[in-house]
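In: Predicted model and sequence follow; I will ask about them next.
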Amino acid sequence: MSRKVRGASALTLVAMLGITLFGIEGTRAKAEMGEVAIVASEMPVTEAVDAADASSEDAQATGPRFVSNPVVQAVPETPTTEDKKANMIAASNLKDFLAGLPVPDSLDKELTCLAGAIYHESKGEPLDGQLAVARVVVARAASPKFPSSYCGVVYQRHQFSFVRGGAMPRINKASRAWQRAKKLAMIADKDEWSSEAEGALYFHANYVNPRWSKKMTRLAQIDNHIFYR
């Protein structure tokens with residue numbers, strides 16, 4: 001009786017093994033035929049839990065953890081006050097200092113009047129002479145003897161010869177002279193570079209000799225302009 005039971009058990013074991021092998025082979029066959037859709041390489045990438053540092057129960061409780069990397073976008077840098085000071089220290093002359101500054105896209109009304117005076121009155125002068133003209137406009141706007149705004153100073157009657165009929169002539173805004181004048185207006189307005197004629201309220205071309213000049217204190221001559229206080 002015991003031999004029959006043992007024989008039956010052996011036959012049962014062989015049958016079960018055959019079913020298992022058939023199932024495995026069938027699965028492989030289906031995989032080869034494209035019927036198994038899940039492919040290990042296409043599964044989401046997760047952070048593995050170290051088996052040496054965590055028990056199996058902890059690993060089950062924790063589950064797969066998806067790792068996300070922060071997206072960092074670069075922020076465009078704008079010139080700060082410290083940057084401008086560093087540029088001023090590094091520059092040995094006004095030309096170098098001017099070259100280190102960006103051209104402003106636009107100017108407000110007052111700075112446009114100041115840049116216009118630089119452009120029309122002195123665009124043919126050296127940079128120091130152009131800055132000196134700009135600083136005269138700035139000094140006049142700060143003096144009680146003159147209008148209190150740059151536009152008021154520039155359009156004051158009988159002061160600047162380029163103003164005719166209360167209007168400023170056309171400016172070639174694509175020219176390098178205008179781009180330079182805009183920079184110089186910014187520098188003069190903020191007093192970022194010292195002028196040889198600092199404090200001057202008047203100037204004239206060196207080929208004229210106006211009577212009023214004899215009553216003034218001469219400060220400097222820069223190329224074709226003489227400056228007075």
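Out: Here it is on my side, so go on. None of the values given here were measured: they were computed from a predicted structure. Numbering: from 1, shown residues only.
In: State the number of residues packed around Gly152.
Out: Neighbours of Gly152 under the rule other C-beta atoms under 10 Å: 14. Bear in mind the C-beta positions are built from the backbone N, C-alpha and C, glycine included.
In: Now whatever helix or strand it lives in: buried residues?
Out: Assigned by DSSP states H and E, Gly152 belongs to helix 150-154. Across helix 150-154, burial judged by 16 or more other C-beta atoms under 10 Å covers Tyr150, Cys151, Val153, Val154.
In: Would you state the strands of the protein in chain order?
Out: 202-205, 218-222, 225-228 (DSSP state E).
In: Tell me which of those strands is the most buried.
Out: strand 225-228 (a mean of 22; mean count of other C-beta atoms under 10 Å).
In: Given that one, what are its sheet partners and their directions?
Out: strand 202-205 (antiparallel), strand 218-222 (antiparallel) (DSSP bridges).
In: between these, which one is nearest to Phe97?
Out: strand 218-222 (16.7 Å; C-beta to C-beta).
In: Just the C-alphas of the closest one, formatted as CSV.
Out: Taking Å, rounded to 0.1, in the frame of the first residue of the first chain, the C-alpha atoms of strand 218-222 are listed here in CSV:
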residue,chain,number,x,y,z
ARG,A,218,38.1,130.9,-16.9
LEU,A,219,38.3,127.2,-15.8
ALA,A,220,39.6,125.2,-18.8
GLN,A,221,39.9,125.0,-22.6
ILE,A,222,39.1,121.6,-24.1
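In: what's the average pLDDT for that strand?
Out: Averaging pLDDT along strand 218-222 yields 97.
In: Kindly report the same for stretch 111-118.
Out: The model assigns stretch 111-118 a mean pLDDT of 98.
In: show me where this structure has helices.
Out: 2-32, 56-62, 81-90, 94-99, 109-122, 127-142, 150-154, 176-190 (DSSP state H).
In: how does this protein divide into domains?
Out: 1-40, 81-228 (automatic domain parsing).
In: I'd like to know which of the strands of the chain lies nearest to Leu184.
Out: Of those, nearest to Leu184 by C-beta to C-beta is strand 218-222, at 13.5 Å.
In: which residues touch the closest one?
Out: Residues outside strand 218-222 that contact it (C-beta atoms under 8 Å, 6 or more residues apart in numbering): 125-126, 128-129, 132, 196-200, 206, 226-229.
In: again, only this time at 7 Å
Out: The contact list for strand 218-222 (C-beta atoms under 7 Å, 6 or more residues apart in numbering) reads 126, 128-129, 132, 196-197, 199-200, 206, 226-229.
In: How about the contacts made by Arg140?
Out: Taking C-beta under 7 Å, 6+ apart as the test, what Arg140 contacts is Phe146, Val153, Leu201.
In: let's go with 10 Å and repeat that
Out: 146-150, 152-154, 156, 159, 200-202 (C-beta atoms under 10 Å, 6 or more residues apart in numbering).
In: Which residue is the nearest non-sequential neighbour of it?
Out: Nearest residue to Arg140 in three dimensions, chain neighbours excluded: Phe146, at 4.0 Å (C-beta to C-beta, 6 or more residues apart in numbering).
In: can you pull the pLDDT of the one you found?
Out: The predicted local confidence for Phe146 is 98.
In: Name the nearest of the contacts of strand 218-222 relative to Ile171.
Out: Gly129 (18.8 Å).
In: Any figure for the gap between the closest residue to that closest one other than its chain neighbours and Glu125?
Out: Spatially, and ignoring its direct neighbours in sequence, Gly129 is nearest to Ile222 (4.1 Å; C-beta to C-beta, 6+ apart). Applying C-beta to C-beta, to the nearest Å, the value for Ile222 to Glu125 is 7 Å.
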